[in-house]
Structures are given as C-alpha cells and as structure tokens.
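Chemist: need coordinates for the below:
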Amino acid sequence: MSKIRVGINGYGVIGKRVADAVTLQDDMEVAGVTAVNADYRIRVAAERTYPIFAAVPEKLPMMREAGIPVEGTLADLLKRVDVMIDCTPKGVGAMHKEAYETAGIKAIFQGAERHELTGVSFVAQVNYAEALNKQFARVVSCNTTALCRIMNAFNKRKWIKRARAVILRRGTDPWESHRDGMINTVIPETKVPSHQGPDATTVIKGLDLTTMAGAGPYNLSHIHYAMVETTRKVSLTELRHALWEEPRLAFVRSSDGLVALNSVIELMRDLGRPRNDMWEVGIWEDALAADDRELYLVFQVHNEAITIPENIDAIRALTGIETDAVKSMAKTDKAMGVLKTFLPATIPEAATHAAMGAALKAERAEFQEEGYKGAEEPF
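Modeler: Next up is the predicted model:
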C-alpha cells in the first residue's frame, strides 16, 4: 500500500512536531509544509528537507528572495496531498476549509477551531471510530486532550457523577517568551466554566465536567488539579489501576525528585526527547487520593506536545488505513517512543502492571471476605 501523503499547513509549534512525527511512521510521509516567513523556523524545515510552500501567494517572492527553497504555494501543495493537517493560528484554519473541500482532500484542524467546523472532535482512545473515513476532524486542545484521556478511564467504568478541574496554564510558549511573557502575577479566567469543560463533552458525550482556568508566569507546560465525584466509593488501588491501564498516561513521583513542572521537563531532556516533548499526561502518583465520595488528581500537560500522537491517529482514522484505534495508537506510540513508565530500567512496566493487578486482586478478595456489596465490577 502506498503511503498517505500528508501536508502541514503552518510550520509552527504544532506543525513542526506533526511533520517530524509523520516522518517516523511507515504508512505516511510529509508531502510539504507551508509558512509565511523566512526566519529560522522555516529554515529548519529546509534543513529537514521538507518541501516548502508559501501559505499565501503574496509571500512567495519574499521567501525565495531570502533563499528559502519554495516549491510553490498552498494551492500547489493541495494537489500533492491526501490529508492536510491545518496548524495555522486560531480562526485561520476555518478560512481554509473551503479550499480543502474544493481540492477534495481530507483535513485535520486543531483545537483552537470550533467543534462546529468539523462536527468531529477527536481524542484517539475515546472516539476513534467516530472519525473513520470522515473528510474533516478536529484534534482538541492540549488541555482538553488531557482531560479526555483522564476522564475516559473513569467514564467507561461508570464512575463519574460529576467532575471538576482547575487548570493553571503556562503564560506563554517558550519560543515567544520575549514577546509576551508574564512576571509576578497570575491572570484568572473570569468565565466559568472555562472552555475546556464544554469542549471535552464534544468528545465524551454526556460528561459532567466543570473547569476553571488561569495563567501563571511560567512556560513549561500546564498543571491540572482534578476532583471527581464518583457514583460509588472507589479505592485508591482502583484509581491507580484505572489510570495505569489507560493509554498515554504515565506516573511521575515526587519521591523520585520529580517535584515540579520544570523537573519533569528536565527528565524529558535527560531522556533525549526531541524538543523535550512529553506526549503523555504526567500524573503525580504520590498525589493521588480517594475518599468515600471523590477522587483527587494532579497532572502535567505539555501543551506543545500532547496532541501530536492524536494528529497521527486522526490521519489513519480519516483515511481508513487502520480501523482499529488500539492498533493505530500502538503503531503511533511505538514509532514516537510514547511510554507508560519513563524509567523502565528501575521502574519496569511489566513489574508495575503486575503489582497493580496483584494489589487490586487482594483488595477485591478482602472486600469479598467482608461481604462487600459494591457496584458492578468496573473492570
């Protein structure tokens, strides 16, 4: 089978990462990327030998004069692709939809666009089947992706009565901290709920989730505090097990020195991750808590990286080259290096999984001995 030809419209924070992730897959290839500038960002694309196109015709002469090896315009790129990943700024992607329709190609938009643009908001482990063979889909934002991954672990077990989350966002992306970096303040969002809660319900239908958000003076990802009111008492053992079994979630521990956002990103550096990226949701295992009515979690969301695996899976879903979500995710994760445990030499995945299962089995046995009459088994 020939490879899926993928175009990336907008070679910025997300676009450059999507391009590199596509290159790692054996069933797709980068047909070209677009830009409107001639600075270091698009010059890196030239170093990576990606075909380059001007996003708007007016920029073509300037880019060529600056020495950028431009092969044409966006209109030319549309003739070479099967799928376009639109990574342009908020609102710009929506303006391109008609061009994609006219060209008869499939397109994937990012979370800054509205759900109504495509009618399909996508998180691979939740609703892969909904996007199969559709012309358009929207990969939701970084924070919404993380919330959906977490809540899916509970929702499919029918644990959620009501969920709430407080999101402290980074003030700016690292590459543009010189433009609008914050200092000595936190800016609360005054709209409640913040957009992430309602957005998550476009993926997990019927989810009762309220979010509040604010931005702080740092640029190394976001942090979430989540509280989930449950339909029955859920033990800490069950909580750990549910999160462990959910894809693209990984535990970190303060006891290992991973005490803050910066130390987790430093771990990504030490592991040799490209651009220090963390594609997984990093959950502080030693901060997990449960009582008779609620679950409590703290987790880290790397805004620049978390949605990249979703874009890759969305390509397979829209084109139908893989109809099974589990198989697509496994293929994506293997190619990119997505992990379940970040330190497998000393915290082995198999041993951790076995320990989780043994703890859960022992807890159930104890419940049975005590004549526990709980809800239907969630697993």
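Chemist: SS state for residue 29?
Modeler: What DSSP: H, G, I helix; E, B strand; the rest coil gives for residue 29 is strand.
Chemist: residues in contact with it?
Modeler: Residue 29 sits next to 3-6, 22-23 when contact means CB atoms under 8 Å, 6 or more residues apart in numbering. For every residue, glycine as well, the C-beta is placed using N, CA and C.
Chemist: buried subset of the residues you listed, written for ChimeraX?
Modeler: A single ChimeraX command selects the buried members of the contacts of residue 29 (16 or more other CB atoms under 10 Å):
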select :4,5,6,22
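Chemist: go through the contacts of residue 29 and name the one nearest residue 215.
Modeler: Proximity of the contacts of residue 29 to residue 215 (CB to CB) peaks at residue 22, which lies at 30.8 Å.
Chemist: wouldn't that closest one be in contact with residue 6 here?
Modeler: Yes: if you go by CB atoms under 8 Å, residue 22 and residue 6 touch, sitting 5.0 Å apart.
Chemist: quick check: neighbours shared by these two?
Modeler: What both residue 22 and residue 6 touch, as defined by CB under 8 Å, 6+ apart, is the set 28-30, 315.
Chemist: name the member of the residues you listed that has the highest neighbour count.
Modeler: Within these, most neighbours by other CB atoms under 10 Å means residue 315, with 28 neighbours.
Chemist: next one: phi and psi at that one?
Modeler: phi -60, psi -50 (degrees, to the nearest 10).
Chemist: can you pull out the helices in this protein?
Modeler: Shown for the chain, the helices assigned by DSSP state H span residues 13-24, 40-47, 60-65, 74-78, 92-103, 124-127, 142-155, 177-180, 196-200, 236-245, 261-270, 308-319, 325-336, 349-369.
Chemist: elements contacting the fifth one?
Modeler: To tie it back to what came earlier, the one meant is helix 92-103. If contacts are counted by 3 or more CB pairs under 8 Å, 6 or more residues apart in numbering; DSSP states H and E, helix 92-103 sits against helix 74-78, strand 83-86, strand 106-109.
Chemist: adding mean neighbour count, distance to residue 170 and mean pLDDT, write these out as CSV.
Modeler: Listed next are the helices and strands packed on helix 92-103 as CSV, based on neighbours: other CB atoms under 10 Å; distance: least, CB to CB, whole Å; pLDDT from 0 to 100:
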stretch, mean neighbour count, distance to residue 170, mean pLDDT
helix 74-78, 19, 30, 98
strand 83-86, 27, 23, 98
strand 106-109, 28, 22, 98
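Chemist: still on that earlier bit, redo the contacts of residue 29 as CSV? Include distance to residue 68.
Modeler: CSV is the format used below for the contacts of residue 29 (distance: CB to CB, whole Å):
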residue, distance to residue 68
3, 25
4, 26
5, 21
6, 20
22, 21
23, 20
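Chemist: nearest to residue 83 among the contacts of residue 29?
Modeler: residue 6 (5.3 Å).
Chemist: low-confidence regions, the stretch 1-150 of the chain specifically.
Modeler: 1 (pLDDT under 70).
Chemist: ditto for the stretch 251-379 of the chain
Modeler: Short version for the stretch 251-379 of the chain, where the test is pLDDT under 70: 369-379.
Chemist: again, 80 this time
Modeler: 367-379 (pLDDT under 80).
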